[in-house]
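*Asks:* let me see the structure of the following:
(2 chains)
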Amino acid sequence: MSRMTMSEAIVAAIADAMTADPSVYLMGQDIGVFGGPMQSTKGLWDSFGAQGRVIDAPISEAAMVGTAVGAAMAGSRPIVDLMFAEFLALTMTPLGLEGSAVAFRTRGEVTVPLVVRAKCGVGPHRGHAESCVGMLLAFPGLKVAMPTTPQDAYSLTRAAIRDDNPVVLLEHMSLLHGARAEVDRTLDVRLGAADIRRPGRDLTIAASGLMVQRAVRAAKDLAADGVEAEVVDLRSLAPLDTALVRASAERTGALLVAEESWPGSGPAAALCAALLGDGDRLGFPVRLLQPPPTPVPFAASLESAFVPSVADIADAARALHAPVKGTVTA
Amino acid sequence: MTTTTTTITETGLWQAMVEARAFDQAMCRHNGHWHEARGEEAVFVGAFAELGPDDVVAPHFRGACAVALQRGSSPATLAAGVFGTDASSSGGHWRGDICPAPGPRSVGMFSGSLGTSVAYATGAALHLSRTSPGAVAVCGFGDGTANSGIVAESLNLAAMLGLPVVYVCQDNQYATSLPSAVALAGERVSDRARALGIPATDVDGNDVLAVRDAIGEAVARARAGAGPSFVHALTYRMGGHYMNDPETYRSPEEVAAWAERDPIARLQDQLVARGELTADDATAQVRAADERMEAIVAAAKGASDAALVRATSPYAEDLRSAS
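*Replies:* Residues are numbered from 1 along each chain as shown, chains lettered A, B, ... in the order given. Next up is the predicted model:
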């Protein structure tokens, strides 16, 4: 056990995977002697650079991912550090349309064990906030993980590298360099499993990334008013752990989904569709708290207002828990 | 290995072209969705003829089934893949015409998009460079694909990393209807590779021996660790882009002129002149190949698809346990 930030935990997971499995290599921009954007590969060059397993790439996102898909089909387990999630849009044919379809198209005879790392979210760095996660969820076969704790950062990174499907690891820039916590390097976390971050009996708040942290803070405010919110960290956005969310909401009687990414298509919409998918009437009300359908604004005040705040989440939870007669909670 | 070693005889190359055309023409008769490859056989037969089982092939879609035949796939299985019937190796999950025999050493197309397979071949070469020194990837693509951005990105990456890959531009002079003479700006498409420091050659793509020799040199360079090469093979697409293409964009005279340069007839004439093949034997072999492929493709067209099973998960672990 050692104490790590999320960023340190991801680097440790990659180092451990590279040590254990020679088929793992890393490619990305500025990941060599520079140590990776926001120190995303700190120390890996010293350990693995001489083996040719830490490859500095030119600005060629489509080819970085495209070559990784090819190498993965041939037998490697590549990791592409794409720097920012907004660059994912440049890679969608090899990653989403094709790489994620290879296993289906060959009935598992050929697989694409590939991890794409991508930093996203509002945070200390102005710009690059777009997660593009809705776009990712549109492609069958692509897994998407988003850790919110150092332990999950380690375990989900290991799981992603072990997985035989392409996995996008979304790394939230407001969480990456947050508080250190103990990390057990032997702990496995399955891709596709959500986790209850805070138990509660009065309503469920499902969230991912920064929204989990804000939901936990909102839950503390709500507790002062006697409302106990259960916070579910989705952790895996594809596949979604609909069963855990449904069980939690059935127990608490209400579901609030707090989401940082665009409405329309994204984890919130996917979760609602999955909950409704079996045709039963939902036994609980659902409310969605999401940004407006606009690009992410630049000014700090506008960006701040764009994303649900702790107060927004607490207010939405109160309204959902004790709705005022005549108001609509959709 | 630093020298070119020839493992297939010139008669063998002729036979491979005859077999490729026989399968292709049977498909033209039975499959309205087929993309005819007649006239381009010297490029894809010559380019992939000399590779070993550890090498990676990533042929252009036009000729992909012929390369699979050369690599040992059964024509009946290939035909089942094209029609999407019970014997299809993908279980009907994907197009066998553009992705005939996918595997760790054989790249196919995984959507209708062109260009990505050039990146896949480049990535496979990166894998080979790390795991199988001396092995190479050979990647075919059309003149239309050559203009795709991911091709430029891949070539740069291959040059930068010195990867063991050979790029073969199968220039049939038309991207559906747009002539490469118009669409490939600059004097020669091979100059794009030269600009990156990649050794490049321009060959007569209707001369299978010239193609084989050019690829052989490039493959030897890659095997020796001297990095990527580029071969531009100028050929001609004798048929339309697809069956029933009205071909309003070119003249019958142009097509007729290229028919005079047919790659199979050309090598056949040389072999007959040298006494390595008689005209009668050649005719008999062509007829036998045509009859064999006609029977296989005709049977495949009418085959059942009743045993195909629908997969409900896109994930590798579920698909493997289901099949």
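
*Asks:* so what's B:Tyr242 scoring on pLDDT?
*Replies:* B:Tyr242 carries a pLDDT value of 89.

*Asks:* ok, it - how many residues close by?
*Replies:* Neighbourhood size, B:Tyr242 [other Cβ atoms under 10 Å in any protein chain shown]: 12. (Each C-beta comes from the backbone N, C-alpha and C, glycine too.)

*Asks:* so who does the residue nearest to it when sequence neighbours are not counted touch?
*Replies:* The spatially closest residue to B:Tyr242, leaving aside those adjacent along the chain, is B:His35, at 5.8 Å (Cβ to Cβ, 6 or more residues apart in numbering or on different chains). B:His35 makes contact with B:Phe61, B:Arg62, B:Asp97, B:His241, B:Tyr242, according to Cβ atoms under 8 Å, 6 or more residues apart in numbering or on different chains.

*Asks:* tell me the pLDDT at A:His128?
*Replies:* Value for A:His128, per-residue pLDDT: 86.

*Asks:* that's a strand at it, yeah?
*Replies:* No - counting by DSSP: H, G, I helix; E, B strand; the rest coil, A:His128 is located in no strand; its state is coil.

*Asks:* any stretches of the chain with poor pLDDT?
*Replies:* You didn't pick a chain, so chain A it is. For chain A, the stretches with pLDDT under 70 are A:323-330.

*Asks:* sorry, should have said chain B
*Replies:* Residues of chain B meeting the criterion pLDDT under 70: B:1-6, B:323.

*Asks:* remind me, longest helix of it?
*Replies:* helix B:279-301 (DSSP state H).

*Asks:* output the contacting helices and strands for it.
*Replies:* Applying 3 or more Cβ pairs under 8 Å, 6 or more residues apart in numbering or on different chains; DSSP states H and E, we find helix B:279-301 packed against helix B:10-30, helix B:75-83, helix B:263-273.

*Asks:* re earlier: gap between the residue nearest to B:Tyr242 and A:Val231?
*Replies:* When distance is defined by Cβ to Cβ, to the nearest Å, B:His35 is 54 Å away from A:Val231.

*Asks:* helix/strand/coil for A:Ile161?
*Replies:* Three-state assignment for A:Ile161 (three-state DSSP): helix.

*Asks:* can I assume it is in contact with A:Ile14?
*Replies:* Yes - between A:Ile161 and A:Ile14 there is a contact at 7.4 Å, judged by Cβ atoms under 8 Å.

*Asks:* show me what contacts the residue nearest to B:Leu13 when sequence neighbours are not counted?
*Replies:* Excluding its sequence neighbours, the residue lying closest to B:Leu13 (Cβ to Cβ, 6+ apart) is B:Val208, at 5.1 Å. Shown in contact with B:Val208 (Cβ under 8 Å, 6+ apart): B:Leu13, B:Trp14, B:Met17, B:Glu41, B:Ala42, B:Val45, B:Gly46, B:Pro263, B:Leu267.

*Asks:* would CSV of the residues you listed with distance to B:Leu69 be doable?
*Replies:* Listed next are the contacts of B:Val208 as CSV, based on distance: Cβ to Cβ, whole Å:
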residue, distance to B:Leu69
B:Leu13, 13
B:Trp14, 14
B:Met17, 11
B:Glu41, 11
B:Ala42, 15
B:Val45, 10
B:Gly46, 14
B:Pro263, 16
B:Leu267, 18
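
*Asks:* quick check: phi and psi at A:Ile55.
*Replies:* With angles defined as degrees, to the nearest 10, A:Ile55 sits at phi -110, psi 120.

*Asks:* and it, how far is that from B:Ala159?
*Replies:* Taken as Cβ to Cβ, the span from A:Ile55 to B:Ala159 is 14 Å.

*Asks:* how about residues contacting stretch B:267-278?
*Replies:* Contact partners of stretch B:267-278, identified using Cβ under 8 Å, 6+ apart, comprise B:Glu10, B:Thr11, B:Leu13, B:Trp14, B:Met17, B:Ala42, B:Val208, B:Leu209, B:Ala279, B:Ala282.

*Asks:* and for residue 137, the neighbour number?
*Replies:* No chain specified, so I'll use chain A. Other residues close to A:Leu137 by other Cβ under 10 Å number 21.

*Asks:* actually chain B
*Replies:* Residues near B:Ala137, counting by other Cβ under 10 Å: 32.

*Asks:* identify the bridge partners of it.
*Replies:* Going by DSSP bridges, B:Ala137 is paired in beta bridges with B:Val56, B:Val165.

*Asks:* ditto for the one 5 residues further on
*Replies:* Following DSSP bridges, B:Gly142 is listed with bridge partners B:Gln170.

*Asks:* which ones are touching residue 257?
*Replies:* In the absence of a named chain, chain A is used. A:Ile205, A:Ala206, A:Ala207, A:Pro267, A:Ala268, A:Leu271, A:Cys272, A:Val286, A:Arg287, A:Leu288, A:Leu289, A:Gln290.

*Asks:* got the contact list for the helix or strand harbouring A:Val216?
*Replies:* Taking DSSP states H and E as the criterion, the element that holds A:Val216 is helix A:210-224. Contacts with helix A:210-224, where a contact means Cβ under 8 Å, 6+ apart, come from A:121-123, A:148, A:172, A:174-175, A:197-198, A:200, A:202, A:205, A:207, A:228-229, A:231, A:233, A:258-260, A:307-311, A:313-314, A:317-318, A:321.

*Asks:* alpha carbons of it, as CSV, please.
*Replies:* Coordinates of each C-alpha in helix A:210-224 appear next as CSV, following Å, rounded to 0.1, in the frame of the first residue of the first chain:
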residue,chain,number,x,y,z
LEU,A,210,-16.1,15.5,-11.0
MET,A,211,-19.9,15.2,-10.5
VAL,A,212,-19.2,12.4,-8.0
GLN,A,213,-17.1,14.7,-5.8
ARG,A,214,-19.7,17.4,-6.0
ALA,A,215,-22.5,14.9,-5.3
VAL,A,216,-20.7,13.7,-2.2
ARG,A,217,-20.4,17.3,-1.0
ALA,A,218,-24.0,18.0,-1.8
ALA,A,219,-25.0,14.9,0.2
LYS,A,220,-23.2,16.4,3.2
ASP,A,221,-25.2,19.6,2.8
LEU,A,222,-28.4,17.6,2.4
ALA,A,223,-27.6,15.5,5.5
ALA,A,224,-27.6,18.8,7.5
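
*Asks:* okay then, goodbye and thanks.
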